[in-house]
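Engineer: Pasting the sequence and the predicted coordinates here, then a few questions.
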Amino acid sequence: MACHRCDVICEHVVYPSHCIRTSCRYVYAYTDGDTTYFGCVQKIFRPELDLAPMEPSSRRDVYGALLARRRPLRECQAAIEHAYPSRYSWRGCQNPLFRHDPEEYAPEAIRHLVEGPGDPAD
C-alpha cells in the first residue's frame with residue numbers, strides 16, 4: 001500500500017481509534033490475562049492493540065495512524081501520508097492512480113487520468 005514512483009514515499013494509513021469509536025463490524029477483541037486487545041478481522045492494520053487507553057469519554061486518538069496493509073475499506077478512516085514532502089515535485093504526483101480506488105473507475109476514466117485529456121475531435 002505504498003507508492004515509490006518519486007522521491008516522496010506515499011503510504012495509505014488508517015486510524016484504529018476510529019474503529020473503536022464507530023463500533024466497526026470488523027473489530028475483534030480478546031483478553032490475555034488482565035489485558036484486552038483489539039484488532040481488525042480484515043487485517044487492514046496488523047497489530048493487535050491494547051484497549052485500555054481507549055477510554056469511552058476520551059476523544060483523543062491514542063494510537064494515531066498505522067500503515068494500511070490492505071486497501072482501506074469504506075468504513076475505515078484513512079489518509080495518505082507523505083514521507084519527505086519537501087521533495088514533492090511542482091508537477092504533482094507521478095502516480096495519480098495511487099489516490100483512487102480502481103474499482104470505482106471505468107477504464108476510460110483511468111486512461112484520462114494517466115494520459116490527460118485527448119483531442120476533442122477523438
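Structural biologist: Here it is on my side, so go on.
Engineer: alpha carbons only for contacts and neighbour counts from here, please
Structural biologist: Fine.
Engineer: Enumerate every residue touching residue 41.
Structural biologist: Residues near residue 41 by C-alpha atoms under 8 Å, 6 or more residues apart in numbering: 26-28.
Engineer: Please flag which of those residues sit within helices.
Structural biologist: With DSSP state H as the criterion, helices contain none of the contacts of residue 41.
Engineer: Could you pick out the buried ones from the residues you listed?
Structural biologist: Buried by 16 or more other C-alpha atoms under 10 Å: nothing, out of these.
Engineer: which regions of this structure sit below the pLDDT cut-off?
Structural biologist: Applying pLDDT under 70 to the chain flags the ranges 1, 56-59, 88-92, 100-107, 109-113, 116-122.
Engineer: residues near residue 35, how many?
Structural biologist: Counted with other C-alpha atoms under 10 Å, residues neighbouring residue 35 total 11.
Engineer: I'd guessed residue 5 sits against residue 94; true?
Structural biologist: Yes: with contact defined as C-alpha atoms under 8 Å, residue 5 and residue 94 form a contacting pair (6.4 Å).
Engineer: Of the two, which one has the most company?
Structural biologist: Shown here are residue 5 and residue 94; by other C-alpha under 10 Å, residue 94 has more neighbours (15 against 11).
Engineer: Return the distance of residue 30 relative to residue 19.
Structural biologist: 16 Å (C-alpha to C-alpha, to the nearest Å).
Engineer: Which residue of those two possesses the greater neighbour count?
Structural biologist: residue 19 (19 against 13).
Engineer: is it true that the more buried one lies in a helix?
Structural biologist: Yes: under DSSP: H, G, I helix; E, B strand; the rest coil, residue 19 falls within a helix.
Engineer: Okay, it and residue 54: tell me how far apart.
Structural biologist: Counting by C-alpha to C-alpha, the gap from residue 19 to residue 54 is 11 Å.
Engineer: Ok, residue 38 next?
Structural biologist: Residue 38 is 11 Å from residue 54, by C-alpha to C-alpha.
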